[in-house]
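Chemist: Need coordinates for the below:
(chains A and B)
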2 protein chains.
Amino acid sequence: MRIAVDAMGGDHAPREIVAGALAAARELTDLQRLFLFGPPDVLEGELRACGGPVPANLEIRAASEVVSMDDDPLAAVRRKKDSSLVRAIEMVKAKEADAIFSAGNTGALVAATILKLRTLPGVERCAITTVMPTPYNPCVLLDAGANVDCTARMLCQFAWMGHVYAKHVLGVPKPRVGLLNIGTEEGKGDEKTRQAYDLLRRAPLLDFVGNVESGDLFGGKVDVVACDGFVGNMVLKTCESVARTMQTWMRQEFTRNPLRLAGAALLRNAFADIKKRADPATYGGAPLLGASGVSVKGHGSSRALAVKNAISVAMQSIRNNVNEHILEGIDQFVSVAA
Amino acid sequence: MRIAVDAMGGDHAPREIVAGALAAARELTDLQRLFLFGPPDVLEGELRACGGPVPANLEIRAASEVVSMDDDPLAAVRRKKDSSLVRAIEMVKAKEADAIFSAGNTGALVAATILKLRTLPGVERCAITTVMPTPYNPCVLLDAGANVDCTARMLCQFAWMGHVYAKHVLGVPKPRVGLLNIGTEEGKGDEKTRQAYDLLRRAPLLDFVGNVESGDLFGGKVDVVACDGFVGNMVLKTCESVARTMQTWMRQEFTRNPLRLAGAALLRNAFADIKKRADPATYGGAPLLGASGVSVKGHGSSRALAVKNAISVAMQSIRNNVNEHILEGIDQFVSVAA
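Modeler: Okay, the predicted model is just below:
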């Protein structure tokens, strides 16, 4: 397998991206070629800083421009033709690489993927697919932000693509698929969600468990949750910010007196373990399912471990023929009247 | 002031509702009359169980039926004419009470409020208005679930009603008002949110700070956040469930060995303090702003303190003429072309 990596995208690029890519090239079997895109002198410097020999399957490819987090996605993809992102995706388009990984500007990766790779035949939109850690099982949530205005049919296709991902990448034999809603009863929610419910109930290839509330994401009741990108992105960001807010509260309260400080010291390892278990990096990147090719987005804050895991996720998608499986069932949803 | 209380709605009804109403009748000055709706024998029993004399301003009003959490809202309001909810709202409609409080079926309270009290002239929809505790300032979020399909104009009206509430009930001199979105830049989000942004930017009576992300809800940057009811409800439920999930993780990790158990014991008070600070009950109920009258929803899990605080919130809305202030600025948003 051959992976193209945008070495210049992400809050900790290029250092952590290069370190993660290097680890992947060294450790992941089946990784025949890893192409690292960016200014060669910069990338060579980073590789030297990592230490140790550079394996033969890692290759630097020159790209002089960088798509920044503030760039307008569409304009950046069109104009920055020599950027690490565009060069990397062009390589996938030319079938010289099997997948792209980027931790940079999400909108730009989505735009580049759609413009250059296109969607699979029959797939209306690509969906950012995140795997959320929970105390019980990993839960696949999609779309996490690629599409802000969705139709019922798109929601159904997301549900199907999530099913394929849970089954063929996470290894869940019979994924339970839910529709994110503000109540579990039939008839709840906005118009497109109610229509999607009707379509999904009749879908032959899915184990549709009905509406689920955001609380159910963490409860071990479902393996896949479909929603539109506006709501999905909102839910993800809310999760992150509630976790951060609870940390602020704890910091404020734990430092009030020496007894509490002592208690917090005794729990240091426990908090580190929780952080590890709750860390989205465990499941690596978020694949952009529905594209004609494999495109994986890393969290902007990705560090080396997350980068390596995301590359591994891209490889699993290829190895397990995710796109072929998506195609097998994408036509099971007939459009509803608006 | 005269408050009508649905004593039979809520997970802990009637016990906790009666206890909270009793505390309100005893402690809140200006509360001339508190009407407690439900089966008289049940309510009398609960009052006896609370102990102490029943103050003269507390009066039981007979209602034989109960709207349950599972009842279809509209059908319940239409058919259960002798329910504690419908009897209580009828009293507000007849101007024999100034406000209603219920911790029962949210949809039924919304339906009853709209059907019986109607919206204020010029107000398109009522919005469930919640006040979120944060480490910095209370943040008003609306709509939290009354309207699943909103227009841009409705979002603007929610923003205005939230402004009035923050200013005249929470006492924020110049509330900073934001629009909930998945990015802060102009042009982000779905269609209605983009249109609402344009309208709000030109609103003369508001301090509009632009788009805010769900993370900003807790960051002290805004006092009011407007969104549609689908998204608002999702965000609220996500907050609750992330907090619950973190508790699960902590419970699992803190009990792994004796050292951690000791640490957790030392932090018991700290966690109790956090729980108190993060408790939505601090701000009592969620008013249904935009109604011709005052209607306040308590969380289903409300206990006595939350009930008392919610009754106090209803009284503040009346005392500070919230509805008159809403009317003063409701016309500042002209509709945009769809």
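Chemist: Could you check the strand or helix carrying residue A:315 and say which residues are buried?
Modeler: Residue A:315 is located in helix A:304-319, with elements delineated by DSSP states H and E. For helix A:304-319, burial by neighbour count (16 or more other Cβ atoms under 10 Å in any protein chain shown) applies to A:304-318. Where you see a C-beta, it was placed from the backbone N, CA and C, and this is true even at glycine.
Chemist: in the sheet, who's paired with residue A:212?
Modeler: Beta-bridge pairing of residue A:212 under DSSP bridges involves residue A:180.
Chemist: which ones are touching it?
Modeler: Each residue near residue A:212 by Cβ atoms under 8 Å, 6 or more residues apart in numbering or on different chains is listed here: A:178-181, A:184, A:221-222, A:225.
Chemist: related to what we said a few turns ago, what helices or strands is the following helix or strand past the helix holding residue A:315 leaning on?
Modeler: Moving toward the C-terminus from helix A:304-319, the next helix or strand (DSSP H and E) is helix A:322-329. Other elements packing on helix A:322-329 under the criterion 3 or more Cβ pairs under 8 Å, 6 or more residues apart in numbering or on different chains; DSSP states H and E are helix A:152-168, strand A:286-289.
Chemist: Among those, which comes closest to chain B?
Modeler: With Cβ to the nearest Cβ as the criterion, chain B lies closest to helix A:152-168 of those, at 13.0 Å.
Chemist: and the closest one, how far out from the chain's middle?
Modeler: Between the centre of helix A:152-168 and the centre of its chain there are 14 Å (Cα atoms, centre = their mean, to the nearest Å).
Chemist: quick check, it touching chain B?
Modeler: No. Helix A:152-168 does not reach chain B (Cβ under 8 Å from any Cβ of the partner chain); its nearest approach is 13.0 Å.
Chemist: re earlier: and the contacts of residue A:212, which is the shakiest by pLDDT?
Modeler: Among the contacts of residue A:212, residue A:184 carries the weakest pLDDT, at 88.
Chemist: so who does it touch?
Modeler: A:210-213, A:216.
Chemist: Could I get the average pLDDT for the strand or helix carrying residue A:195?
Modeler: Following DSSP H and E, the helix or strand that holds residue A:195 is helix A:191-201. The pLDDT scores in helix A:191-201 average 93.
Chemist: by contact count, what packs against that helix?
Modeler: helix A:152-168, strand A:176-180, strand A:207-212.
Chemist: Which one of those lies nearest to residue A:291?
Modeler: Ranking the helices and strands packed on helix A:191-201 by proximity to residue A:291 (Cβ to Cβ) places helix A:152-168 first, at 10.4 Å.
Chemist: which helix in chain A runs the most residues?
Modeler: When chain A is parsed with DSSP state H, its longest helix is helix A:229-254.
Chemist: Counting neighbours, which bits of the helix or strand following that one end up buried?
Modeler: Sequence order places helix A:258-266 as the next helix or strand after helix A:229-254, per DSSP H and E. For helix A:258-266, a neighbour-count test (16+ other Cβ under 10 Å) marks A:260, A:263-264, A:266 as buried.
Chemist: Now do the contacts for residue A:16.
Modeler: A:10, A:302-304, A:307.
Chemist: so which helix or strand takes in it?
Modeler: Short version, using DSSP H and E: residue A:16 is in helix A:15-27.
Chemist: For the helix or strand that that helix is followed by, give me every contacting residue.
Modeler: Going down the chain from helix A:15-27, the next helix or strand is strand A:33-38, by DSSP H and E. By Cβ under 8 Å, 6+ apart, the surrounding residues in contact with strand A:33-38 are A:1-8, A:14, A:18, A:21, A:24-25, A:43, A:57-63, A:66, A:84-85, A:87-88, A:91, A:97, A:311.
Chemist: Give me the pLDDT for residue A:247.
Modeler: As predicted, residue A:247 sits at a pLDDT of 88.
Chemist: What about it, how many residues nearby?
Modeler: 14 (other Cβ atoms under 10 Å in any protein chain shown).
Chemist: what do you get for the one 10 residues further on?
Modeler: The burial metric for residue A:257, expressed as a neighbour count using other Cβ under 10 Å, is 13.
Chemist: quick one, phi/psi of it?
Modeler: Backbone torsions of residue A:257, given as degrees, to the nearest 10, read phi -150, psi 170.
Chemist: mind checking how far residue A:249 is from chain B?
Modeler: To chain B, residue A:249 is 5 Å away according to Cβ to the nearest Cβ, to the nearest Å.
Chemist: element containing the residue lying closest to that residue once chain neighbours are set aside, please.
Modeler: Distances taken as Cβ to Cβ, 6 or more residues apart in numbering or on different chains put residue B:274 closest to residue A:249, at 4.7 Å, once the chain neighbours are dropped. Under DSSP H and E, the secondary-structure element containing residue B:274 is helix B:268-277.
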